[in-house]
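**Student:** model this:
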Amino acid sequence: MHKKNIRKVVKFFSLVFMIIVCFAAVCVCIIFSRISNKQKIRAQLEQIASQKNLEFQASLNSQITLALQMCKSPVIIEYFLNPDDKELTAQALKEFSAYQNSFLGKTSFWANNKDLKFYSDLKYSYTIDPENPNDYWYKMTVFETEVYNFNINYNPELNKTMLWLNVVVRDKNDNPIGMAGTGIPLSEFINDMYCDMPQNIQMYLYNDNLEITGAKDSSILADKHLITEYYKNLSKDSVLCKSLTSIEDKTGEYILAPIEVIGWNILLFSPKTIANSFTKDGFMFGLVIIFLAVIIIAVYIWLINNILGVATTHLVDTKAKAGSQVEVMDQVSSIMQENVDYLDSFGNLIGDQIKQIATSVDNTSELMNDLEAMNILRKESNESASDLQESSQNGNSHIVNITEKIAELEECTKRLSSANALIASITSKTNLLAMNASIEASHAGEQGKGFAVVAKEIRALAEKSRTQQQDVSRAIDDINNMVSEMVEYSQTAKTSFDEIVENTKIVQKNFQNMSNKLESEASLVQTISANLQNVKNTSQKINQSFAEMKQSNQLIRREVHEANDSSNQLLTITDELIKTMGEK
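**Tutor:** A predicted model of the protein is given here:
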């Protein structure tokens with residue numbers, strides 16, 4: 001299966017990440033713009049509501065102050081107490097006329113409790129009937145109002161909304177004696193409020209009954225429409241507020257503020273539009289995020305490319321070193337195979353020599369039996385000289401056999417010496433191989449640690465082989481010494497038996513000497529038998545040692561083979577990594 005190049009994968013995911021970041025930046029820009037614009041619009045609406053409220057109240061306060069001063073005039077108070085006095089009436093008309101010209105609506109009205117005559121614009125209009133429901137306002141103003149009250153009506157004929165300011169007139173004892181006031185044209189106030197209103201903001205004035213009392217289009221005032229008819233998302237409880245209130249829904253942003261002077265309310269509304277979703281600050285914020293994301297991703301790609309380049313270089317170097325290690329491991333494996341073959345040959349040689357030594361031991365045992373037979377003949381020699389001669393001939397024959405066996409034993413010791421020389425050669429080669437392996441492992445550095453362990457084991461094996469070779473050498477020297485002694489003893493015995501054969505006639509004379517020599521020969525044969533047994537045991541130990549050496553070499557060979565397989569796997573993995581990372 002084809003593996004993707006890491007560089008291409010990094011570039012692909014970086015591109016995907018950049019797209020995601022740009023999309024996220026657009027979303028953040030929209031959200032930030034919405035929040036920023038909503039806060040901006042709300043702050044603007046609150047500022048406009050407070051400003052319009054202050055302007056409205058400031059305009060009314062000047063008219064209220066002027067009306068209060070009029071009702072506190074001593075001339076007017078005296079006139080209300082004596083309405084039939086013509087002189088006071090003339091002075092009061094002049095006073096009312098002066099105040100009327102000062103009022104914004106250029107109008108004034110009054111009535112007193114004495115004659116209940118209602119005057120409007122300095123002229124008599126009608127007489128008030130307190131019991132008439134249409135005149136309820138008079139009783140309410142004079143007897144139920146503390147200082148003043150308002151009565152608002154819209155005049156379709158004049159296309160004006162008039163705010164009637166009714167002020168209680170009191171005597172010196174603070175008793176109500178009538179009322180006076182003026183009409184304030186609110187249409188001018190309302191029109192002035194809409195002059196500098198932004199086009200995207202709607203504003204309405206309404207009373208506590210939810211009737212619209214002020215609008216940009218004054219034609220809707222005559223029908224007394226309710227504010228909830230225009231804004232169906234608002235309820236009666238939500239539009240009647242006692243303080244500045246903010247309401248937000250899916251249609252837009254609302255700001256509600258009470259006009260406490262006349263009991264009205266201001267409603268400001270800014271509808272939601274697509275243009276409101278984007279602001280300059282939000283757009284700049286999104287561009288900054290996208291710019292930073294592009295810079296970060298570019299730096300990231302640059303760093304990844306540099307890291308991959310350095311990693312590829314190191315992998316190429318590692319591949320070259322691993323390749324040289326594989327060659328060395330092949331050589332080591334070949335040499336170890338040769339050592340194993342040499343050890344097999346040497347083991348076979350040792351086995352043959354052990355068999356020959358066992359044969360010599362058997363022959364020695366036979367010699368012991370022969371000597372015992374000779375001893376029996378020695379005892380019987382006193383009875384028969386002829387038996388002595390025959391026994392001497394048999395002894396001579398046995399001595400010849402011993403000489404032949406000793407010669408065979410000497411040949412075996414020579415073959416052991418050759419095998420020992422072969423072991424020394426193998427030990428020297430193994431030690432040289434261990435030195436070369438240590439040198440190659442040091443050249444390989446970190447990757448050659450495993451191979452250094454193998455080199456250490458090979459050196460230990462070489463040291464062990466050298467020790468075994470020294471032991472074998474000493475044993476062979478002992479065997480050679482023993483064989484030399486046996487050869488010497490055999491020659492002596494042969495000479496003695498020759499003399500016995502030649503001097504059979506004088507056996508009787510020399511019998512005592514021959515008996516002593518036979519006893520000496522018996523002791524010598526026992527010594528030879530013991531020495532041969534020691535040689536056999538030593539040879540068995542040597543054979544066991546070489547079997548262990550062979551097993552160790554086979555184990556090392558398997559380890560070297562495994563190390564070679566690991567090196568090949570390392571080369572394969574390195575090739576795959578280099579291909580995956582991509583060439584520079």
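**Student:** for the rest of this, base every contact and every neighbour count on C-alpha atoms.
**Tutor:** OK.
**Student:** paired strands for the helix or strand containing Gly183, with orientation please.
**Tutor:** In the assignment (DSSP states H and E), Gly183 maps to strand 176-185. Here strand 176-185 is paired, per DSSP bridges, with strand 109-112 (antiparallel), strand 160-170 (antiparallel).
**Student:** list the contacts of it.
**Tutor:** If you take Cα atoms under 8 Å, 6 or more residues apart in numbering as the criterion, strand 176-185 is touched by 63, 67, 71, 80-81, 100, 103-114, 138, 141-143, 160-171.
**Student:** Asn265 should be in a helix, yeah?
**Tutor:** No: according to DSSP: H, G, I helix; E, B strand; the rest coil, Asn265 belongs to no helix; its state is strand.
**Student:** that one pairs with what?
**Tutor:** Tyr206, Pro258.
**Student:** quick revisit: ok, of the strands paired with strand 176-185, where does mean pLDDT dip lowest?
**Tutor:** Of all the strands paired with strand 176-185, the minimum mean pLDDT falls on strand 160-170 (a mean of 84).
**Student:** got the CA positions of it in CSV?
**Tutor:** C-alpha atoms of strand 160-170 as CSV (Å, rounded to 0.1, in the frame of the first residue of the first chain):
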residue,chain,number,x,y,z
LYS,A,160,-52.0,70.1,17.6
THR,A,161,-51.8,68.3,20.9
MET,A,162,-52.3,70.6,23.8
LEU,A,163,-51.1,70.0,27.3
TRP,A,164,-53.4,71.9,29.6
LEU,A,165,-51.5,72.9,32.8
ASN,A,166,-54.0,73.4,35.6
VAL,A,167,-52.6,75.3,38.7
VAL,A,168,-54.5,75.7,42.0
VAL,A,169,-54.8,79.3,43.2
ARG,A,170,-54.7,79.6,47.0
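**Student:** and His119, bridged to which residues?
**Tutor:** Residue 119: Tyr, not His. Trp110, Tyr124.
**Student:** measure it to Asn394 for me?
**Tutor:** Distance, Tyr119 to Asn394, using Cα to Cα, to the nearest Å: 188 Å.
**Student:** could you do Asn166 as well?
**Tutor:** Distance from Asn166 to Asn394, by Cα to Cα: 176 Å.
**Student:** so what's Gln526 scoring on pLDDT?
**Tutor:** For Gln526, pLDDT reads 72.
**Student:** where do the strands sit along the chain?
**Tutor:** Using DSSP state E, the strands of the chain run over 109-112, 117-120, 123-127, 148-155, 160-170, 176-185, 202-206, 212-214, 245-248, 252-259, 264-271.
**Student:** identify all contacting residues around the fifth one.
**Tutor:** Looking back up the chat, that one is strand 160-170. 64, 67-68, 71-72, 77, 141-142, 145-155, 176-187, 213.
**Student:** buried ones among these?
**Tutor:** Among the contacts of strand 160-170, the ones that count as buried by 16 or more other Cα atoms under 10 Å are 64, 67-68, 71-72, 77, 141-142, 148-150, 152-154, 176-187, 213.
**Student:** as JSON lines, the strands paired with strand 176-185 with mean neighbour count and distance to Gln469 would be great.
**Tutor:** Output for the strands paired with strand 176-185, formatted as JSON lines (neighbours: other Cα atoms under 10 Å; distance: least, Cα to Cα, whole Å):
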{"stretch": "strand 109-112", "mean neighbour count": "24", "distance to Gln469": "146"}
{"stretch": "strand 160-170", "mean neighbour count": "23", "distance to Gln469": "133"}
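**Student:** figure out which of those strands is closest to Ala452.
**Tutor:** strand 160-170 (108.7 Å; Cα to Cα).
**Student:** what number of residues lie near Asp84?
**Tutor:** Neighbour count for Asp84, taken as other Cα atoms under 10 Å: 12.
**Student:** again with Asn101
**Tutor:** 12.
**Student:** stretch 226-246: how far from the chain's middle?
**Tutor:** 54 Å (Cα atoms, centre = their mean, to the nearest Å).
**Student:** what of stretch 264-277?
**Tutor:** 48 Å.
**Student:** pLDDT of it, averaged?
**Tutor:** 77.
**Student:** give me the buried positions along it.
**Tutor:** 264-270, 272, 276-277.
**Student:** can you put the residues you listed in JSON lines and add distance to Val453?
**Tutor:** Below are the buried residues of stretch 264-277 laid out as JSON lines (distance: Cα to Cα, whole Å):
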{"residue": "Trp264", "distance to Val453": "99"}
{"residue": "Asn265", "distance to Val453": "95"}
{"residue": "Ile266", "distance to Val453": "94"}
{"residue": "Leu267", "distance to Val453": "91"}
{"residue": "Leu268", "distance to Val453": "89"}
{"residue": "Phe269", "distance to Val453": "86"}
{"residue": "Ser270", "distance to Val453": "84"}
{"residue": "Lys272", "distance to Val453": "79"}
{"residue": "Asn276", "distance to Val453": "76"}
{"residue": "Ser277", "distance to Val453": "72"}
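**Student:** middle-most residue in this protein, spatially?
**Tutor:** Tyr300 (16.8 Å; Cα atoms, centre = their mean).
**Student:** which residues does Asn149 bridge with?
**Tutor:** Beta-bridge partners of Asn149, as defined by DSSP bridges: Asn166.
**Student:** right, and it touches Met140 too?
**Tutor:** No: contact between Asn149 and Met140 fails when scored by Cα atoms under 8 Å: they sit 9.3 Å apart.
**Student:** which non-adjacent residue is nearest Lys216?
**Tutor:** The shortest distance from Lys216 to any non-neighbouring residue, by Cα to Cα, 6 or more residues apart in numbering, is to Tyr194 (6.6 Å).
**Student:** quick one: the helices in this protein, in order.
**Tutor:** 6-71, 74-81, 86-102, 136-144, 186-195, 227-230, 236-239, 280-381, 385-444, 449-502, 507-581 (DSSP state H).
**Student:** buried stuff in the third one?
**Tutor:** Buried residues in helix 86-102, defined by neighbour count with 16+ other Cα under 10 Å: 88-89, 92-93, 96-97, 99-100.
**Student:** that one vs helix 6-71, what angle?
**Tutor:** For helix 86-102 against helix 6-71, the angle by axes from the mean of the first three to the mean of the last three Cα atoms, to 10 degrees is 160 degrees.
**Student:** remind me what helix 86-102 packs against, helices and strands.
**Tutor:** Helices and strands touching helix 86-102, by 3 or more Cα pairs under 8 Å, 6 or more residues apart in numbering; DSSP states H and E, are helix 6-71, helix 74-81.
**Student:** mind checking which of the ones you listed is nearest Arg558?
**Tutor:** Closest approach to Arg558 among these is made by helix 6-71 (37.3 Å; Cα to Cα).
**Student:** residues in contact with Asp208?
**Tutor:** Residues counted as contacts of Asp208 (Cα under 8 Å, 6+ apart) are 240, 263-265.
**Student:** if we use 7 Å, what do you get?
**Tutor:** Neighbouring residues of Asp208 by Cα atoms under 7 Å, 6 or more residues apart in numbering: 240, 263-264.
**Student:** make JSON lines out of those and add distance to Gln491.
**Tutor:** Shown next, in JSON lines, are the contacts of Asp208 (distance: Cα to Cα, whole Å):
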{"residue": "Leu240", "distance to Gln491": "147"}
{"residue": "Gly263", "distance to Gln491": "156"}
{"residue": "Trp264", "distance to Gln491": "154"}
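**Student:** closest one to Glu410 out of these, please.
**Tutor:** Leu240 (134.4 Å).
**Student:** ok, that closest one - how many residues close by?
**Tutor:** Neighbours of Leu240 (other Cα under 10 Å): 20.
**Student:** same check, this time on Gln63
**Tutor:** Around Gln63 there are 20 residues (other Cα under 10 Å).
**Student:** now it: closest residue in space that isn't a chain neighbour?
**Tutor:** Computed as Cα to Cα, 6+ apart, the closest residue to Gln63 that is not its neighbour in sequence is Phe103, at 6.6 Å.
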